[in-house]
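**Q** Sequence and predicted structure are below.
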Amino acid sequence: MRCVIARYPFELTKSGVLASMKGVTPELVTGESVTIGRRRYPVGQVGQVVTRQDGRDFTSGEVVRAMTRLGFTCHDRPETAPVSVPTPLRTASALLGGAASPEA
């Protein structure tokens with residue numbers, strides 16, 4: 001598939017992207033991301049690896065459009081689990097080896 005990223009034409013294929021990202025450790029996802037294989041990569045990291053350009057040269061939208069057209073799943077923001085903030089009572093109880101009741 002032919003696409004334009006950062007004003008440069010690229011001929012990308014799904015197998016080519018998979019091969020490029022093979023062995024690349026995903027960075028921490030804080031914004032838009034792409035699922036490639038079983039891993040979730042930040043859009044900027046994928047763009048840098050696939051195009052070999054600086055991440056400041058292209059927008060995340062350009063990479064998301066290209067990856068979507070190739071059949072990869074793109075995500076708007078990272079999925080986060082709800083965080084339970086411990087109360088001082090729960091923290092003290094845990095430090096003393098007990099378990100504070102949830103109503104406390």
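**A** Nice, I can see it.

**Q** Now residue 3: closest residue in space that isn't a chain neighbour?
**A** Distance criterion C-beta to C-beta, 6 or more residues apart in numbering; nearest residue to residue 3, sequence neighbours excluded, is residue 66 at 4.4 Å. Placement of C-beta: from N, CA and C, glycine included.

**Q** list the helices and strands the longest helix anywhere in the chain packs on?
**A** Assignment by DSSP state H gives helix 60-70 as the longest helix of the chain. Applying 3 or more C-beta pairs under 8 Å, 6 or more residues apart in numbering; DSSP states H and E, we find helix 60-70 packed against strand 2-5, helix 14-21, strand 33-36, helix 43-51, strand 73-75.

**Q** Name the residues that touch that helix?
**A** Residues from elsewhere that reach helix 60-70 (C-beta atoms under 8 Å, 6 or more residues apart in numbering): 1, 3-6, 10, 12-14, 17, 31-32, 34, 43-44, 46-47, 50, 74.

**Q** Repeat that for stretch 15-23.
**A** Taking C-beta under 8 Å, 6+ apart as the criterion, the residues outside stretch 15-23 that touch it are 36-37, 39, 41, 46, 49-50, 67, 70, 72.

**Q** now do 10 Å
**A** Where contact means C-beta atoms under 10 Å, 6 or more residues apart in numbering, the residues beyond stretch 15-23 that reach it are 1, 10, 12-13, 34, 36-37, 39, 41, 45-46, 49-52, 66-67, 70-72.

**Q** which of the residues in it are buried?
**A** Applying a neighbour-count criterion of 16 or more other C-beta atoms under 10 Å, one finds 17, 20-21 buried in stretch 15-23.

**Q** Residue 94: which of these is nearest?
**A** Minimum distance to residue 94 across the buried residues of stretch 15-23 is 41.0 Å, recorded for residue 21 (C-beta to C-beta).
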